[in-house]
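Asker: Got a predicted model here, sequence first, then my questions.
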Amino acid sequence: MHPLQCVLQAQRWGPLASVSWLLLRTCRALSSLPSTACPSPEKQQEDGVRKDFSSRLATGPTFQHFLRSASAPQEKPDMEDPPPYVTVEELLGRQRKVYLETYGCQMNVNDTEIAWSVLQKSGYLRTRNLQEADVILLVTCSIREKAEQTIWNRLQQLKALKTKRLRSRVPLRIGILGCMAERLKEEILNREKMVDILAGPDAYRDLPRLLAVAESGQQAANVLLSLDETYADVMPVQTSPSATSAFVSIMRGCDNMCSYCIVPFTRGRERSRPVASILEEVRKLSEQGLKEVTLLGQNVNSFQDRSEVQFNNAVSTNLSRGFSTNYKPKKGGLRFTYLLDQVSRVDPEMRIRFTSPHPKDFPDEVLQLIHERDNICKQIHLPAQSGSSRVLEAMRRGYSREAYVELIHHIRESIPGVSLSSDFIAGFCGETEEDHLQTVSLLREVQYNMGFLFAYSMRQTRAYHRLKDDVPEEVKLRRLEELITVFREEATKANMASVGSTQLVLVEGHSKRSATDLCGRNDGNLKVIFPDVEMEDINNSDVKVRAQPGDYVLVKITSTSSQTLKGHVLCRTTLKDSSAYC
Ligand code: 5AD
Ligand code: SF4
């Protein structure tokens, strides 16, 4: 029997207190494998590795070793300094092929790029073909129950693949990364013996070690949450080299503790990446010719770089008027307005967006900056979650319906023509028909351009412990349907107002539906479709050009739906020159 090292850390909410514990458990992942009279060369080789591994384990790490690393989250595992029970060679990928599959939000797409960057450095290769993979890693989401169910179902499919592979060649290793690994921890290893590794959102640097341990047939897990991990020095690998846009992670985690949300538990405390490393990444992307950067974070506008002492003199807490926090207001540091200003100066031809913000962090200076700076898109996501002040209080959102509506008016006054989007949850604990109708009326009042609407899914959060999930499933779904219908009607009206206008569109490529049409996005992030025809270049009317991905073009809008705009192209332009026409 081999001991399995499984370091679990729980983060306790309190002044920077984190409690770590070590779970040493015994388990033999391979004990359930079919035994054969004459083991294959691979099996013999694997047995050798396992024996070697166990002898090193016996003399290797001590309880103190794990406690040391668990209580020092700043220490990053280093290829040159492996733990005593694995060698540097075992940390290497030796050209094994990794297949990465991403579920959930854009943060997970970014996490996939980080995980891949770490593994690539270790000598792994990437494959897009599941059948030829040596390692399959699922980057998972826990936000709603359905997201987790999708992963359990996927594991059933992968089980057959793994069993087949055991008989043929080098064993297939399967890993669960991200939020689900963090939330369920060893429950996953117990329920699905075929899972070899678990890595929480702050443990991607540890992937080579976890995979090295897995090579010996052990299950391995690292679900330590960190107070400072931002992967600032891990440059994500751009997965689509022809892309016009990229996401740049600027902060991780969330301190808001909305009562329905699992994110603070799976992604840990809020921490921001140093401004200098963000600017370096944006500069690189600009040099590569990318035309759009979206700053990414769970609470992107709560950004607060406190990495240097001199940043911490500021006194302002930078909250929106009428909004409060569930935590002690944070002062000082380089804030979001400063970062946005700096990022937008890197390349005036590069569009800047950000997601996902919290309504509480929109001080006047950030609105002013968005209004003034040509290349910051006039598009704001303002997740309301509900239109009822009573429900908002139960959700612990820190604002009333009135404060939210006032903020909407203030934003529209400060940034004329701004495009607005929101998230809503239907059927939260205790939501009455009257509360629901208030959400319907908020949708009508604001007339969002885009919306993300969900039925409430109970997670193990504050609401789980203190409130009752008392809205029947069919009522949740009926209310959700109603919200979707109203949102679509209002978005259609809002988009109709743009018929006849000229819009600046960043071309992405051909439309999926028609090879004769091009597709791009306007400043408000709405999809715009237009025929792929020759056009003039605004700076050189002598030549006719065909728009390419990454070009800016002016499009006259002729028709709209709730999701897309259609029009005809006027000319190719630049972001700077377009301001005279839009
Ligand atoms: N159930 C349904 N939707 C949820 N969201 C977060 N937690 C839940 C939950 N338990 C939604 C919120 C959030 C978006 C990312 O997901 O609307 O803004
Ligand atoms: Fe979840 Fe609220 Fe944090 Fe958004 S702000 S991630 S909804 S806890």
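Answerer: Received the coordinates, thanks. No experiment lies behind these values; they were computed from the predicted model shown. Numbering: from 1, shown residues only. Ligands and ions are numbered 1, 2, ... in the order given.
Asker: so where do the helices sit in the stretch 101-250 of the chain?
Answerer: Assigned by DSSP state H, counting those that start in this stretch, the stretch 101-250 of the chain shows helices spanning 106-121, 145-168, 179-184, 186-191, 207-215.
Asker: so which of the ones you listed gets nearest Pro472?
Answerer: Smallest distance to Pro472 across the helices of the stretch 101-250 of the chain (C-beta to C-beta): 15.7 Å, for helix 145-168. Heads up, the C-betas are built off the backbone N, CA and C, glycines and all.
Asker: Does anything pack onto that closest one? Which helices or strands?
Answerer: For helix 145-168, the elements it packs on are strand 135-140, strand 173-178, helix 179-184, judged by 3 or more C-beta pairs under 8 Å, 6 or more residues apart in numbering; DSSP states H and E.
Asker: Other residues contacting stretch 422-434?
Answerer: 260, 381-386, 388, 390-391, 394-395, 436, 439, 443, 446, 448, 450-456, 463, 467-471, 475-477, 479-480, 483 (C-beta atoms under 8 Å, 6 or more residues apart in numbering).
Asker: Buried ones from the residues you listed, can you make that a PyMOL selection?
Answerer: Command for PyMOL that selects the buried part of these, burial taken from 16 or more other C-beta atoms under 10 Å:
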select buried, resi 260+381+382+383+384+385+386+388+390+391+394+395+436+439+443+446+448+450+451+453+454+455+456+463+467+469+471+475+476+479+480+483
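Asker: So which of the contacts of stretch 422-434 are in helices?
Answerer: In this view, those that belong to helices under DSSP state H are 390-391, 394-395, 436, 439, 443, 446, 463, 475-477, 479-480, 483.
Asker: Quick check: closest non-adjacent residue to Arg488.
Answerer: The shortest distance from Arg488 to any non-neighbouring residue, by C-beta to C-beta, 6 or more residues apart in numbering, is to Ser562 (4.3 Å).
Asker: Can you get me a residue count around the one you found?
Answerer: 19 (other C-beta atoms under 10 Å).
Asker: isn't it right next to Lys493, touching?
Answerer: No: contact status for Ser562 versus Lys493: not in contact, 9.1 Å apart, counting by C-beta atoms under 8 Å.
Asker: what stretches of the stretch 151-300 of the chain score poorly on pLDDT?
Answerer: 169, 238-242 (pLDDT under 70).
Asker: which parts of it sit against ligand 2?
Answerer: Contact residues, the stretch 151-300 of the chain versus ligand 2 (C-beta under 6 Å from any ligand atom): 254, 256-258, 261, 263-264, 298-299.
Asker: possible to save these as CSV with neighbour count and secondary structure?
Answerer: What follows is these, written out as CSV (neighbours: other C-beta atoms under 10 Å; DSSP: H, G, I helix; E, B strand; the rest coil):
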residue, neighbour count, secondary structure
Cys254, 22, coil
Asn256, 20, coil
Met257, 16, coil
Cys258, 22, coil
Cys261, 21, coil
Val263, 21, helix
Pro264, 21, helix
Gln298, 24, coil
Asn299, 21, coil
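Asker: Now do the same contact list for the closest residue to His371 other than its chain neighbours.
Answerer: Computed as C-beta to C-beta, 6+ apart, the closest residue to His371 that is not its neighbour in sequence is Ile415, at 4.7 Å. Listed by C-beta under 8 Å, 6+ apart, the contact set of Ile415 reads 367, 370-371, 378, 380.
Asker: Out of these, which end up buried?
Answerer: Among the contacts of Ile415, those that count as buried by neighbour count (16+ other C-beta under 10 Å) are 367, 370-371, 378, 380.
Asker: quick one: which of the residues you listed sit in strands?
Answerer: Secondary structure assignment (DSSP state E) places Ile380 from those within strands.
Asker: quick one: which of the buried ones among the contacts of Ile415 is nearest ligand 1?
Answerer: Ile380 (14.2 Å; C-beta to the nearest ligand atom).
Asker: who's in contact with the closest one?
Answerer: Counting by C-beta under 8 Å, 6+ apart, Ile380 makes contact with 357, 362, 370, 411, 415, 418-421.
Asker: what's the neighbour count on Arg321?
Answerer: Neighbour count for Arg321, taken as other C-beta under 10 Å: 11.
Asker: State the distance from it to ligand 1.
Answerer: 22 Å (C-beta to the nearest ligand atom, to the nearest Å).
Asker: which residue is nearest the middle of the chain?
Answerer: Met107 (0.9 Å; C-alpha atoms, centre = their mean).
Asker: my read: that one touches Val248, true?
Answerer: No: here Met107 does not reach Val248: they are 11.8 Å apart, not a contact under C-beta under 8 Å.
Asker: list residues touching both of the two?
Answerer: Common neighbours of Met107 and Val248 (criterion: C-beta under 8 Å, 6+ apart): Leu296.
Asker: What parts of the chain come near ligand 1?
Answerer: Residues of the chain lying near ligand 1 (C-beta under 6 Å from any ligand atom): 143-144, 260-261, 383, 385, 423, 425, 454, 456-457, 459.
Asker: Kindly reformat the residues you listed as CSV containing distance to Lys185.
Answerer: Below are the residues of the chain next to ligand 1 laid out as CSV (distance: C-beta to C-beta, whole Å):
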residue, distance to Lys185
Ile143, 17
Arg144, 19
Tyr260, 21
Cys261, 19
Pro383, 28
Gln385, 28
Asp423, 28
Ile425, 26
Phe454, 25
Tyr456, 25
Ser457, 20
Arg459, 15
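Asker: Give me the subset of those residues lying in strands.
Answerer: Per DSSP E, the residues of the chain next to ligand 1 map to strands at 423, 425, 454.
Asker: Tell me where the stretch 401-550 of the chain has strands.
Answerer: 419-426, 450-455, 502-510, 517-521, 527-531, 534-537, 540-546 (DSSP state E, counting those that start in this stretch).
Asker: Extract the CA atoms of the fifth one and return them as CSV.
Answerer: The C-alpha coordinates for strand 527-531 follow below in CSV (Å, rounded to 0.1, in the frame of the first residue of the first chain):
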residue,chain,number,x,y,z
LYS,A,527,-22.2,40.6,-33.4
VAL,A,528,-22.4,42.5,-36.8
ILE,A,529,-22.9,40.6,-40.1
PHE,A,530,-22.2,42.2,-43.5
PRO,A,531,-21.4,41.0,-47.1
